[in-house]
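A.B. asks: below is the sequence, then the predicted model.
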Amino acid sequence: MKYIIMDLEWNGAYSKKAHGYFNEIIEIGAVAFDEAMQPCGTFHEVITPVVSKKLSRIVKDLTHITQEELEQNGGSFESVMTAFEAWAGTDAAVLTWSNTDLLVLMENFTFFKGEPAVPFMAYYADIQPFCQKRMGEDTSQQMGLSRACEQLGISAENSALHRALDDSRLTAKVFVRLFDAEAFAPYLRRVDEDFYKRILYKPVVLNDINHPLIKRSDLAFSCESCGTNLHRKSKWIFRSRHFCADFLCRSCKKVYTGRVQYKQTYDGVEVRRRLKEKEKAVKPEASEAE
Ligand SMILES: [Zn+2]
């Protein structure tokens with residue numbers, strides 16, 4: 001197996017065929033490493049866009065790619081991808097920094113070839129969370145590539161940021177520095193039919209309390225201080241993607257708000273539950289009397 005660290009640049013434009021905004025790939029850059037992490041080649045091509053010949057201001061400012069360069073040196077999406085496939089071989093692990101590039105690549109294959117499958121990918125990994133974890137960084141917020149370089153003391157000075165080949169080289173420097181075969185293994189996924197279904201699956205938060213996938217047992221809570229089963233005092237209402245209701249502990253009189261979220265994912269329903277004690281009412285005596 002060889003590791004291919006890939007980076008793409010794309011131009012966003014409205015497309016009738018895509019029924020909306022389409023991110024058309026205009027450049028692909030990649031560096032390859034063997035299993036001993038020795039460099040074994042690079043790939044770089046530009047693609048002449050066909051959806052919109054006009055590059056957006058963002059793309060021009062960010063990449064400094066010119067229309068002339070794309071017209072003169074670019075190939076078609078199909079020919080560049082065929083060349084990439086020949087270069088990558090049949091057993092490549094394609095690695096990208098965050099999965100945005102993968103999604104754009106799948107979007108382009110769907111647009112030009114009718115299906116999202118990427119022919120040169122035997123394995124795939126998003127190396128952004130891996131690198132972030134290896135650096136001991138808090139993973140709740142995504143770390144950008146330039147921040148990772150900065151933290152590791154990797155200089156981006158001599159490279160053209162936001163050009164595909166230089167960006168893939170920088171990503172590779174970060175990855176090689178942090179690589180450990182055993183630690184990386186769980187991030188690497190085999191690319192089969194299931195892989196694409198999983199990536200394209202849009203999770204849904206269930207909002208109907210009578211939905212057949214909702215287990216009633218998840219809607220019950222017990223008191224945090226005495227363990228007694230709580231008594232629900234209000235109807236379930238659906239608010240900010242959660243079901244919420246008030247609960248009372250009949251034994252120690254504590255009042256709580258219970259929140260439950262059901263998210264239907266590719267692998268089944270994920271349940272998140274939270275119980276929070278309510279602020280004490282100002283005049284508890286009056287209502288308790290009856
Ligand atoms: Zn209690």
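C.D. replies: Looks like it came in fine.
A.B. asks: tell me which parts of the stretch 101-250 of the chain are close to the ion?
C.D. replies: 223, 226, 228, 249 (Cβ under 5 Å from the ion). For glycine as for every other residue, the C-beta is placed from the backbone atoms N, C-alpha and C.
A.B. asks: could you redo the last one with a cut-off of 8 Å?
C.D. replies: 223-228, 230, 249-250 (Cβ under 8 Å from the ion).
A.B. asks: any weak-confidence spans in this protein?
C.D. replies: Applying pLDDT under 70 to the chain flags residues 160-161, 280-290.
A.B. asks: check contacts around the residue positioned nearest the centre of it.
C.D. replies: The centre of the chain sits closest to residue 99, judged by Cα atoms, centre = their mean, with a distance of 5.0 Å. Residues near residue 99 by Cβ atoms under 8 Å, 6 or more residues apart in numbering: 126, 199.
A.B. asks: let's see 7 Å
C.D. replies: residue 126 (Cβ atoms under 7 Å, 6 or more residues apart in numbering).
A.B. asks: try residue 241
C.D. replies: Taking Cβ under 7 Å, 6+ apart, one finds 205, 261 in contact with residue 241.
A.B. asks: circling back to that earlier point, now for the residues of the stretch 101-250 of the chain next to the ion: which two are most distant?
C.D. replies: 224 and 250 (14.5 Å; Cβ to Cβ).
A.B. asks: ok, then the element right after whichever strand or helix holds residue 104?
C.D. replies: With secondary structure defined by DSSP states H and E, residue 104 is part of helix 100-113. Following helix 100-113 in sequence order, the next helix or strand is strand 123-126 (DSSP H and E).
A.B. asks: report the buried residues of that following strand.
C.D. replies: 123-126 (16 or more other Cβ atoms under 10 Å).
A.B. asks: counting contacts, what elements does that strand pack onto?
C.D. replies: Applying 3 or more Cβ pairs under 7 Å, 6 or more residues apart in numbering; DSSP states H and E, one finds that strand 123-126 contacts strand 92-96, strand 189-190.
A.B. asks: what residues sit buried inside the helix or strand just after that strand?
C.D. replies: Using DSSP H and E, the helix or strand that follows strand 123-126 in sequence is helix 127-134. Under the neighbour-count criterion of 16+ other Cβ under 10 Å, helix 127-134 has 127-132, 134 buried.
A.B. asks: farthest pair in these?
C.D. replies: 128 and 134 (11.0 Å).
A.B. asks: surely residue 5 is in a strand?
C.D. replies: Yes. Looking at residue 5 with DSSP: H, G, I helix; E, B strand; the rest coil, it is inside a strand.
A.B. asks: the protein: helices as residue ranges?
C.D. replies: Listed in chain order, the helices found in the chain under DSSP state H are 57-63, 67-73, 77-88, 100-113, 127-134, 145-152, 164-178, 181-184, 193-200, 284-288.
A.B. asks: so which of these gets nearest residue 13?
C.D. replies: Comparing these against residue 13 with Cβ to Cβ, the closest turns out to be helix 57-63 (9.8 Å).
A.B. asks: got CSV for the buried residues of strand 123-126, with distance to residue 68 too?
C.D. replies: Shown next, in CSV, are these (distance: Cβ to Cβ, whole Å):
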residue, distance to residue 68
123, 37
124, 34
125, 36
126, 34
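A.B. asks: how close does the residue of the stretch 1-150 of the chain found nearest the ion get to residue 228?
C.D. replies: When distances are taken as Cβ to the ion, the stretch 1-150 of the chain reaches nearest to the ion at residue 140, 32.4 Å away. Residue 140 sits 34 Å away from residue 228, taking Cβ to Cβ, to the nearest Å as the criterion.
A.B. asks: the two: who's more crowded?
C.D. replies: residue 228 (14 against 6; other Cβ atoms under 10 Å).
A.B. asks: I'd say the more buried one and residue 253 touch.
C.D. replies: No. Counting by Cβ atoms under 7 Å, residue 228 stays clear of residue 253, with 10.6 Å between them.
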